[in-house]
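In: Kindly return the folded structure for what I paste below:
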Amino acid sequence: MFDDIMHELVPEGDGRFNLGEVLLFAFTVILAVFTAFRSYDFINHTLPPGWELVAYAGLAVMDGGFLVWALVIALSATSAVQVAISWGMWLADGLGLALVVVADSFYYTQASQNTAAMADTVSALAAWAFPIMAIVNAAFAILYKLMEPKRIRERQKRAKMERLHHLAELGELQARIEQVQATVASRLTDQRMSLADLKGAMAEKLAELERLEKELALRRIQQAQLNAGTAGQPTKPTPAVHQVAPVTAAVPGDNHNEHRGDFTTLEGVSPFGE
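Out: Numbering: from 1, shown residues only. As a prediction, this is how the structure comes out:
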């Protein structure tokens, strides 16, 4: 930073000092010393005895902040956000510095009652400006650092890597989903094949059962026809058998049935003795 300042004071070429730049730099240093004295004096009046270090810290916030942001605008700010932050904080610190200088001037001024009331108001505002500007400077200094192009590129790179990692996780998840889908499809195919085999076996059993039912029905029809044919034929009469009485009973006197002896009857006997 010092080299950049010297480069502004000593331009390249002839190596001689630029009088206007030197005078402007000297004027800036004198004003800085004046405002620093006023700021330290006012801040010291708002603090209890023994807090001189805090007064120096307030001097760094007010005067130091005003100078630092001016140098940042001139030498360091690159991105549009950094330039906007630097200009905004330079103006804010300048306003706070001016308020503190005016308040310290009122503190030593012998004035009327109206001026005294105004001095009280300005002093109160300046007293509040010190802690507020300290917080604002710290916050925007951090924000300025975060808005550096290098850090923006790093954040973009991290965001890109995070997206790539997220996409990789999504790809892995998609691969797992596809694997599960393939497994489910394979199991469904196996189950469908098993179901098809079961349906084929059931179809064969049903066909065999149907064939057996048809065969049974055909046999029943044949048996019914056979029974009907048997019932239509006439029944043959059984010949009557007449029992013949024994000859001895018919011819009691002839024990040997030789037609000898005394006949009880002559029926069936030839008159010619045959």
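In: Just the residues contacting stretch 50-68, thanks.
Out: 32, 35-36, 39-40, 43-44, 47, 89-90, 93-94, 96-97, 100, 130, 133-134, 137 (Cβ atoms under 8 Å, 6 or more residues apart in numbering). For glycine as for every other residue, the C-beta is placed from the backbone atoms N, C-alpha and C.
In: Only whichever of those are buried, select them in PyMOL.
Out: Those of those that count as buried under 16 or more other Cβ atoms under 10 Å are selected in PyMOL with:
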select buried, resi 35+36+39+40+43+44+89+90+93+94+96+97+100+130+133+134+137
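In: Among the contacts of stretch 50-68, which are located in helices?
Out: Judged by DSSP state H, the contacts of stretch 50-68 include 32, 35-36, 39-40, 43-44, 89-90, 93-94, 96-97, 100, 130, 133-134, 137 as members of helices.
In: Tell me the helices and strands packed up against the helix or strand harbouring Lys199.
Out: Per DSSP states H and E: Lys199 is located in helix 149-232. On a contact count with 3 or more Cβ pairs under 8 Å, 6 or more residues apart in numbering; DSSP states H and E, helix 149-232 meets no helix or strand.
In: contacting residues around Ile43?
Out: Val54, Ala55, Gly58, Leu59, Met62, Val100, Phe130.
In: Revised request: answer the last question for Arg220.
Out: Contacts of Arg220 by Cβ under 8 Å, 6+ apart: none found.
In: Quick check: the gap between it and Ala175.
Out: According to Cβ to Cβ, to the nearest Å, Arg220 and Ala175 sit 66 Å apart.
In: If you drop the residues flanking it in sequence, what lies closest to Ile132?
Out: Spatial nearest neighbour of Ile132, chain neighbours left out: Gly96 (8.0 Å); criterion: Cβ to Cβ, 6 or more residues apart in numbering.
In: show me the contacts for that neighbour.
Out: By Cβ under 8 Å, 6+ apart, the neighbours of Gly96 are Met62, Ala126, Ala129, Phe130, Ile132, Met133.
In: Please repeat the previous calculation with a cut-off of 10 Å.
Out: Contacts for Gly96 (Cβ atoms under 10 Å, 6 or more residues apart in numbering) come out as 39, 61-63, 65-66, 125-126, 128-130, 132-134, 136-137.
In: So which residue is dead centre in the protein?
Out: Nearest residue to the geometric centre of the chain (Cα atoms, centre = their mean): Leu170, 9.4 Å.
In: Just name the shakiest helix or strand of this protein by mean pLDDT.
Out: Using mean pLDDT, DSSP states H and E, helix 247-250 stands out as the lowest-scoring helix or strand of the chain, at a mean of 47.
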